[in-house]
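Engineer: kindly generate the corresponding structure for this input.
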Amino acid sequence: MDEKHQIIVHAEAFSSQDHENLAPMMAGAKKNMQGIGRGEHYFEGKQLSADSNYHSYARLAFCKFEGMDAYIPDIQFRKRDERFAEQQRFKRGIHPRKSASKPPEDKTKKFTNDDFYFDKSKRAYLCPHGKVLTCNAHGHRIHHRVYNIYRARQEDCALCPLRLKCLSKLQFQRRYLVITPESQPLSLVDEMKAKIDTPQGRQIYAKRLAIVEPVFANIRIQKRLDHFTLRTKAKVDVQWRLFALVHNIGKIHQYGLAI
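Structural biologist: So this is what the prediction gives:
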C-alpha cells in the first residue's frame with residue numbers, strides 16, 4: 001500500500017512465512033509501477049515499513065541492496081520503548097498504583113557480564129570470586145554478529161561458593177562470557193534496532209498501522225472477504241487481486257485519477 005491514499009500497489013497470496021515474502025512482493029510492486037510508466041529504480045530512496053514478521057538479516061540486506069529506507073523492527077522493539085512500559089507491567093499483573101513500593105531484593109539474581117572485571121594486563125576477565133576467564137574464541141560469529149568468547153576453568157567453577165549465582169543451570173560445568181568487541185562495525189540488525197529506537201524511526205514505523213490495517217479492515221468487514229472460497233495459490237491469487245482491484249477502484253472514485 002502507498003501511504004498517501006492507501007492504494008494497493010501489489011497483491012499476492014502466500015502460504016509461506018512473512019519474512020520470505022518481502023522480495024517477491026517488491027518484485028511485483030516494481031512490475032506494476034513500471035506498467036504505469038515508472039522507472040526501474042522508482043523505489044530507491046523510498047520509505048518502506050513492514051511489521052516484525054518481516055525482520056531478518058537477509059530481508060534487511062535485500063532492502064539495502066534495493067536502496068530503500070526500510071523500517072522493519074525486531075520482535076523485541078516494544079520492550080525497549082518506554083511508551084509500552086505500562087502495557088508490559090499489566091501483562092505481568094503489576095498494577096501501576098502498587099509499583100511505588102521497592103521490590104524485594106532477589107537473592108537468586110544471576111551474575112551478568114557487568115559483574116566481571118576485565119584485566120587489561122592479562123587480557124582476561126576476573127569473576128566476582130577472583131577466578132580468571134580466558135578468551136578461547138576470537139571473532140566467533142553468531143547470527144551475523146562477531147563476538148569474543150571467554151571461559152572459566154572447569155575446576156574453578158566446580159567448587160566455587162558463588163556457583164548458584166553464576167551458572168544459569170546446575171548441569172553447566174563452567175561459566176562463559178560472550179563479549180562484543182568494541183571496534184567491530186554495527187551489523188544490519190544492530191543498525192535497524194538503533195534506527196527504529198530513534199523518535200523519528202518510531203514515528204515513521206507507527207504510520208504503518210494507519211496505512212495497512214484500515215485496508216484489511218475494509219476488505220474483511222465492508223467487502224466481507226473474511227476467508228477465501230477457492231483452493232490452490234493460482235485461484236486464491238485471482239480472488240485476492242479482484243478484491244484489491246475493487247478496493248483501488250473505490251479509491252479512484254473517491255480521489256479521482258490524480259492519485
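
Engineer: would you put the C-alpha positions of the top strand by length along the chain in CSV?
Structural biologist: For the chain, the strand that runs over the most residues, judged by DSSP state E, is strand 132-142. Output of strand 132-142 as CSV, limited to C-alpha atoms (Å, rounded to 0.1, in the frame of the first residue of the first chain):
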residue,chain,number,x,y,z
VAL,A,132,40.2,-15.9,35.5
LEU,A,133,38.2,-16.4,32.3
THR,A,134,40.5,-16.5,29.3
CYS,A,135,39.5,-15.9,25.7
ASN,A,136,39.2,-19.2,23.8
ALA,A,137,37.5,-17.8,20.6
HIS,A,138,38.3,-14.6,18.8
GLY,A,139,35.9,-13.3,16.2
HIS,A,140,33.3,-16.0,16.7
ARG,A,141,30.3,-15.4,14.5
ILE,A,142,26.7,-15.9,15.9
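
Engineer: once you drop chain neighbours, what's closest to Gln47?
Structural biologist: In space, and not counting its chain neighbours, Gln47 is closest to Asp69: 4.8 Å by C-beta to C-beta, 6 or more residues apart in numbering. Heads up, the C-betas are built off the backbone N, CA and C, glycines and all.

Engineer: next, count neighbours for the one you found.
Structural biologist: Using other C-beta atoms under 10 Å, Asp69 has 14 other residues around it.

Engineer: domain ranges for this structure, per the record?
Structural biologist: The chain resolves into domains spanning 18-79+197-255, 113-179 when parsed by automatic domain parsing.

Engineer: comparing the ones you listed by mean pLDDT, which bottoms out?
Structural biologist: Per-stretch mean pLDDT for those is lowest at domain 113-179 (a mean of 88).

Engineer: first-to-last residue distance for it?
Structural biologist: From its first residue to its last, domain 113-179 covers 8 Å (C-alpha to C-alpha, to the nearest Å).

Engineer: show me where the stretch 101-250 of the chain has strands.
Structural biologist: Here the stretch 101-250 of the chain has its strands, by DSSP state E, counting those that start in this stretch, at 117-119, 124-126, 132-142, 145-152, 176-179.

Engineer: ok, which of the ones you listed comes nearest Leu225?
Structural biologist: Judged by C-beta to C-beta, the one of the strands of the stretch 101-250 of the chain that comes nearest to Leu225 is strand 145-152, at 42.0 Å.

Engineer: and the closest one, what other elements does it pack with?
Structural biologist: The contact analysis (3 or more C-beta pairs under 8 Å, 6 or more residues apart in numbering; DSSP states H and E) places strand 145-152 against strand 132-142, strand 176-179.

Engineer: how about the domains of the chain in TSV, adding distance to Ala11?
Structural biologist: Formatted as TSV, the domains of the chain follow (distance: least, C-beta to C-beta, whole Å):
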stretch	distance to Ala11
domain 18-79+197-255	4
domain 113-179	32
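
Engineer: which of these sits closest to Ser187?
Structural biologist: For Ser187, the closest of these is domain 113-179, at 5.2 Å, according to C-beta to C-beta.

Engineer: give me the distance between the residue nearest to Gln47 and Ser49.
Structural biologist: In this view, Asp69 and Ser49 are 9 Å apart by C-beta to C-beta, to the nearest Å.

Engineer: for this protein, what spans make up the helices?
Structural biologist: 22-35, 57-66, 85-91, 154-158, 163-166, 188-196, 199-217, 233-255 (DSSP state H).

Engineer: Tyr42: which of these is closest?
Structural biologist: Minimum separation from Tyr42 across these (C-beta to C-beta) falls at helix 22-35, 5.0 Å.

Engineer: who are the packing partners of that closest one?
Structural biologist: helix 57-66.

Engineer: for the nearest residue to Ile196 once chain neighbours are set aside, what are its contacts?
Structural biologist: Excluding its sequence neighbours, the residue lying closest to Ile196 (C-beta to C-beta, 6+ apart) is Pro73, at 4.5 Å. Each residue near Pro73 by C-beta atoms under 8 Å, 6 or more residues apart in numbering is listed here: Asp51, Ser52, His55, Met192, Lys193, Ile196, Tyr205.
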